[in-house]
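S.K.: can't give you the sequence, but here's the structure:
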Ligand SMILES: Nc1ncnc2c1ncn2[C@@H]1O[C@H](COP(=O)(O)OP(=O)(O)OP(=O)(O)O)[C@@H](O)[C@H]1O
Ligand SMILES: Nc1ncnc2c1ncn2[C@@H]1O[C@H](COP(=O)(O)OP(=O)(O)OP(=O)(O)O)[C@@H](O)[C@H]1O
Ligand code: SF4
Ligand code: SF4
Ligand SMILES: [Mg+2]
Ligand SMILES: [Mg+2]
């Protein structure tokens, strides 16, 4: 069986006045139909760039410079602009981190949603509008009929996020890349969105990449998870396994900083040091300046290798989870 | 001790402006009246000096609207907002401006609150320069400090907002607000886009500033563990109204209102077991046509006849604990 999505050694760089800068490198992942993968990692670690690179939507001057993006066995990087446009929004949809980059501030919601439908399917205005309304209702927008004729600024932050989700669902795509789609949503509405998404994966075989910093969402939703650090995958494996027993020192630190693992009102544990800047990556393992287990060895770059049923990029894996 | 902030019976309604023809049609009964969103409905709230008040509630319940009214960015339809017992309108112009500057809001949606054509140095540095908090000569250093404090690499000061990641943009917003040295911050989902480690860094920064500078916070968040961690007191909103408020210990250990209880039950956990997420019971109510009586009644497992008719008042149910539910009678 061919995978729904297979990413091989994806690399994206940006050319600036300071020279060539690598934003992401050596990204590998595989996703079958109906499978959900969580993509987590520090702010600035390259999650959005990865999503955008898969979609072929990365903005100049940044550019995908290597690797393959196989969607149902076909490399999207070899498609013409016209071909990719008929795939995008139709078979593959992306929910952007910033809902306002999907939404046009001067157009009514119904106009925008119907445009998406009509770009890929010839159906009547009436039918397109109904589909738009149903999609809004599905993501928990109350009074969807009345809200259809509103403008984006008349929605709350979380409502705009849900409109962006509704737009991605309009064409029942085979693959959805969702970039922090529920950050502004409270638990009840988040649960509703996640239940829709779970159903899509189960019933329609939709494959999902769910980019989030919220480990509890990943815990409940995704069977697999990739943890990114500094533009590379640090650790990848089965969610249950990985969260219970993180082996990469970064993943381990991430779990220890959860507020739930700390005492109220006290300072939270944070991973010491600061996130490296893309223009100024530490040599060797990019995590070494912040890593308590670092040794001389870590000044050379570790490779992503299979360890105990997962993939790990570290010379000195954590053997007992500090999180539990 | 005086209150840093008092919000007194504030309501905010949004209605779409309609043209003459539309209004005529409405008048002659040819068209349904324009929908009015009741974003805030008689909200009262006090925040003591140096206190951290968390505001939680479903998406669309009016949290940002409340924040914007307090920050003076929106005019309330009814009610008053008092800072240290005074309305800003009653202060002489200069004092009002100074008082307003002391209250800063960190916006929920960082991208639309950052000017895409300004470099970060300008975004963060313009206001402090204008208000004399730094000098042109020291501006670069000043901006660098603000950036570093918010966990941003100061060497990125000459970049534009779109060259940052989502979480980095959120921190630009935080740095900008802190740069004018406010004594009250309204944080609207300010750590929502941040991973836990950077979230911890920012929350620690807020806690430190509170100790050092006696900052007062209104902390809007849908993340209950964050609110529990940082707040002294928590206000729960539902469809434009305050339904419960209590100290953080009290609220999390003895929630009174059925909505609060439902909210706490939904708290996600890190249990790495695949859960089946379930949709909320009952229909999500609309602020365009809020349910009668208690707004929560269509979804409340304990609703009685009375709940459909009569609005429950926010009443004291314990020490520093108020709730708006008929069950407390
Ligand atoms: N157009 C660009 N030009 C230069 N650098 C960029 C550009 N876009 C992103 N970057 C940089 O690439 C890095 C990765 O960004 P990305 O948006 O993928 O992060 P992320 O993991 O999605 O973070 P967040 O959780 O904060 O959204 C960041 O350091 C960012 O500053
Ligand atoms: N400018 C506006 N015009 C019309 N309606 C508005 C406007 N701003 C907000 N609203 C409406 O007011 C209600 C409350 O919005 P608000 O942004 O305060 O919600 P919120 O509690 O912050 O939600 P979220 O958690 O999703 O950010 C929503 O129904 C929204 O559609
Ligand atoms: S390779 Fe070395 S520095 Fe990198 S995470 Fe592992 S132990 Fe730490
Ligand atoms: S007043 Fe009635 S409907 Fe409202 S929360 Fe209490 S019991 Fe439920
Ligand atoms: Mg991102
Ligand atoms: Mg809001």
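M.R.: Good, I have the coordinates. Predicted, not measured: the structure shown is a model, and the values here were computed from it. Ligands and ions are numbered 1, 2, ... in the order given.
S.K.: so where is the stretch 1-150 of chain B shaky, pLDDT-wise?
M.R.: B:1, B:16-34 (pLDDT under 70).
S.K.: up against ligand 6, what does it have?
M.R.: Contacts of the stretch 1-150 of chain B with ligand 6, taken as CB under 5 Å from the ion, map to B:64, B:108. Heads up, the C-betas are built off the backbone N, CA and C, glycines and all.
S.K.: do you know how far the one residue in chain B that gets nearest to ligand 5 is from residue A:212?
M.R.: At 3.9 Å from ligand 5, residue B:166 is the closest residue in chain B, using CB to the ion. Separation of residue B:166 from residue A:212 (CB to CB, to the nearest Å): 11 Å.
S.K.: biggest helix in chain B by residues?
M.R.: helix B:196-213 (DSSP state H).
S.K.: is it positioned near chain A?
M.R.: Yes: contact of helix B:196-213 with chain A (CB under 8 Å from any CB of the partner chain) involves B:196, B:197, B:198, B:199, B:200, B:201, B:203, B:204, B:207.
S.K.: what helix or strand is the residue lying closest to the residue of chain B closest to ligand 5 once chain neighbours are set aside on?
M.R.: Computed as CB to CB, 6 or more residues apart in numbering or on different chains, the closest residue to residue B:166 that is not its neighbour in sequence is residue A:97, at 4.3 Å. If you go by DSSP states H and E, residue A:97 is not part of any helix or strand.
S.K.: quick check, residue A:97 in contact with residue B:192.
M.R.: No: contact criterion CB atoms under 8 Å: residue A:97 and residue B:192 do not qualify, at 11.0 Å.
S.K.: neighbour-wise, which of the two wins?
M.R.: residue B:192 (27 against 24; other CB atoms under 10 Å in any protein chain shown).
S.K.: what about the helices in the chain?
M.R.: Picked chain A for this. Counting by DSSP H, the helices of chain A are A:47-55, A:81-87, A:109-120, A:125-138, A:144-148, A:157-169, A:187-199, A:215-221, A:239-244, A:249-256.
S.K.: oops, I was thinking of chain B
M.R.: B:20-27, B:63-70, B:93-101, B:110-113, B:120-130, B:139-149, B:166-179, B:196-213, B:224-230, B:248-253, B:258-265, B:305-309.
S.K.: in contact with the residue nearest the centre of chain B, which residues?
M.R.: Centroid check for chain B by CA atoms, centre = their mean gives residue B:220 as the closest residue, at 3.9 Å. Counting by CB atoms under 8 Å, 6 or more residues apart in numbering or on different chains, residue B:220 touches B:54, B:55, B:56, B:63, B:64, B:66, B:67, B:108, B:186, B:187, B:188, B:189.
S.K.: roughly how far apart are it and residue B:195?
M.R.: Distance, residue B:220 to residue B:195, by CB to CB: 20 Å.
S.K.: cool, residue A:39 as well?
M.R.: 12 Å.
S.K.: quick one, which of these two is more surrounded?
M.R.: The residue with more neighbours, out of residue A:39 and residue B:195, is residue A:39; 30 against 24, by other CB under 10 Å.
S.K.: burial count for residue A:296?
M.R.: Residue A:296: 9 neighbours (other CB under 10 Å).
S.K.: quick check: residue B:179 touching residue B:127?
M.R.: Yes: assessed by CB under 8 Å, residue B:179 is found in contact with residue B:127 at 6.6 Å.
S.K.: check contacts around the closest residue to residue B:155 other than its chain neighbours.
M.R.: Among residues not flanking residue B:155 along the chain, residue A:277 sits closest, at 6.7 Å (CB to CB, 6+ apart). Listed by CB under 8 Å, 6+ apart, the contact set of residue A:277 reads B:153, B:155, B:156.
S.K.: wait, what's in contact with residue A:12?
M.R.: Residue A:12 neighbours (CB under 8 Å, 6+ apart): A:22, A:23, A:24, A:25, A:49, A:50, A:53, A:58, A:62, A:63, A:64, A:65.
S.K.: and which of those residues is nearest to chain B?
M.R.: Nearest to chain B among the contacts of residue A:12 is residue A:49, at 8.0 Å by CB to the nearest CB.
S.K.: find the nearest non-adjacent residue to that closest one, please.
M.R.: The nearest residue in space to residue A:49 (CB to CB, 6+ apart) is residue A:23, at 4.7 Å.
S.K.: strands along the stretch 201-324 of chain A, start to end?
M.R.: Per DSSP state E, counting those that start in this stretch, the stretch 201-324 of chain A carries strands over the ranges A:207-211, A:224-229, A:232-238, A:305-307, A:310-312.
S.K.: so what touches the first one?
M.R.: What that stands for is strand A:207-211. Outside strand A:207-211, the residues within contact range by CB under 8 Å, 6+ apart are A:4-5, A:31-40, A:47-48, A:50-51, A:54, A:97, A:174-181, A:197, A:200-201, A:217-218, A:221-222.
S.K.: repeat for the longest one
M.R.: Strand A:232-238 is touched from outside by A:24-29, A:41, A:46, A:223-228, A:242, A:246-248, A:250-251, A:286-287, A:304, A:309-314, with contacts defined as CB under 8 Å, 6+ apart.
S.K.: that one pairs with which strands?
M.R.: Here strand A:232-238 is paired, per DSSP bridges, with strand A:224-229 (antiparallel), strand A:310-312 (antiparallel).
S.K.: now, of the ones you listed, which is deepest in the fold?
M.R.: Ranked by average neighbour count under the criterion mean count of other CB atoms under 10 Å in any protein chain shown, the strands paired with strand A:232-238 are headed by strand A:224-229 at a mean of 25.
S.K.: residues from the stretch 151-300 of chain B in reach of ligand 2?
M.R.: Remark: the part of the stretch 151-300 of chain B in contact with ligand 2 comprises B:222, B:287, using CB under 6 Å from any ligand atom.
S.K.: by mean pLDDT, flag the weakest helix or strand of chain A.
M.R.: helix A:187-199 (a mean of 82; mean pLDDT, DSSP states H and E).
S.K.: and ligand 6, is that one touching that?
M.R.: No: Helix A:187-199 lies apart from ligand 6 when judged by CB under 5 Å from the ion; the minimum separation is 12.2 Å.
S.K.: good, wrapping up.
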